[in-house]
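S.K.: Based on what follows, work out the 3D shape:
(chains A and B)
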Amino acid sequence: GENVEQHPSTLSVQEGDSAVIKCTYSDSASNYFPWYKQELGKGPQLIIDIRSNVGEKKDQRIAVTLNKTAKHFSLHITETQPEDSAVYFCAASPRGNTPLVFGKGTRLSVIA
Amino acid sequence: DTAVSQTPKYLVTQMGNDKSIKCEQNLGHDTMYWYKQDSKKFLKIMFSYNNKELIINETVPNRFSPKSPDKAHLNLHINSLELGDSAVYFCASSQLASGSEETQYFGPGTRLLVL
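M.R.: I've put the predicted structure just below:
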């Protein structure tokens, strides 16, 4: 089955700096890679996703890149703000009716 | 309007008790899920229902039994609670039957503490 590794587990950056979170997956059949943000005391919320036919996707300060050959994908947050502080989860989805497999999360702290 | 709601938000109970967590979504989605998040924040799927039918049942003890009275509701009943059941339980929903490739909308979570 699919296995998703996520690094780092914790990340501290100064406000205004960039943050990068990396994930690798094991199943080459996986074709959908969402990123979720979980704020304290709340449920995870989708912030961006990418499908295997695309190498990069941007949404304002957030971007995701996908390298299918190497089986890894990354989340990039530019010009970080204190409200970006949260736990971020990557996930991978193999084809068909199989569940999302989540990484173990990265706790991002943006220091003002 | 709350898209995915869960009750209760907090649940403190003794070992051996039976408890239920309720979930409702008003998004008109076909698929609903239950996830367990442990103290290390690891998110693991437990069940998935599509239109009231069970489609995913990961390795979960038989003490956990989901029930879906209609496609807007997916409740979780837990028998004979154990200390290791302490966690945050999230309900989620998605639009399509092949929900794994669609955006999942999570509820606010139910924090279960078993003493």
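S.K.: where does chain A have its least confident helix or strand?
M.R.: The weakest-scoring helix or strand in chain A, judged by mean pLDDT, DSSP states H and E, is strand A:101-102 (a mean of 92).
S.K.: burial count for the nearest residue to residue B:2 once chain neighbours are set aside?
M.R.: Nearest non-adjacent residue to residue B:2, counting by CB to CB, 6 or more residues apart in numbering or on different chains: residue B:26, 7.4 Å away. In short, each C-beta sits where N, CA and C put it, glycine included. The burial count assigned to residue B:26 is 12, neighbours taken as other CB atoms under 10 Å in any protein chain shown.
S.K.: show me the contacts for residue B:86.
M.R.: When contacts are counted by CB atoms under 8 Å, 6 or more residues apart in numbering or on different chains, residue B:86 touches B:39, B:112-114.
S.K.: Low-confidence stretches in chain B?
M.R.: For chain B, the stretches with pLDDT under 70 are B:1, B:97-100.
S.K.: any chance you could map the helices in it?
M.R.: Under the criterion DSSP state H, chain B carries no helices.
S.K.: do the same with chain A
M.R.: Under DSSP H, chain A gives no helices.
S.K.: Residue of it nearest chain B, please.
M.R.: Taking CB to the nearest CB, chain B has its nearest neighbour within chain A at residue A:43, 3.2 Å off.
S.K.: residues contacting the nearest residue in space to that residue that is not next to it in sequence?
M.R.: Leaving out its chain neighbours, the residue that sits closest to residue A:43 by CB to CB, 6+ apart is residue B:106, at 3.2 Å. By CB under 8 Å, 6+ apart, the contact set of residue B:106 is A:36, A:43-45, B:4, B:35, B:90-92.
S.K.: is residue B:106 in a bridge, and if so with what?
M.R.: residue B:92 (DSSP bridges).
S.K.: got it, and residue A:63?
M.R.: residue A:58, residue A:76.
S.K.: mind checking how far the residue nearest to residue A:43 is from residue A:78?
M.R.: 26 Å (CB to CB, to the nearest Å).
S.K.: Quick check, residue B:19 in contact with residue B:11.
M.R.: Yes: Residue B:19 lies in contact with residue B:11 (CB atoms under 8 Å); the separation is 6.1 Å.
S.K.: Would you mind listing the residues in contact with the closest residue to residue A:83 other than its chain neighbours?
M.R.: With sequence-adjacent residues excluded and distances taken as CB to CB, 6+ apart, residue A:83 is closest to residue A:110, at 7.9 Å. Residues in contact with residue A:110 (CB under 8 Å, 6+ apart) are A:12-15, A:19, A:80-85.
S.K.: Adding neighbour count, distance to residue B:85 and pLDDT, write those residues out as a markdown table.
M.R.: Shown next, in a markdown table, are the contacts of residue A:110 (neighbours: other CB atoms under 10 Å in any protein chain shown; distance: CB to CB, whole Å; pLDDT from 0 to 100):
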| residue | neighbour count | distance to residue B:85 | pLDDT |
| --- | --- | --- | --- |
| A:12 | 13 | 33 | 98 |
| A:13 | 17 | 36 | 98 |
| A:14 | 9 | 40 | 98 |
| A:15 | 13 | 39 | 98 |
| A:19 | 20 | 34 | 98 |
| A:80 | 21 | 36 | 98 |
| A:81 | 12 | 37 | 97 |
| A:82 | 10 | 35 | 96 |
| A:83 | 8 | 33 | 96 |
| A:84 | 20 | 33 | 98 |
| A:85 | 19 | 29 | 98 |
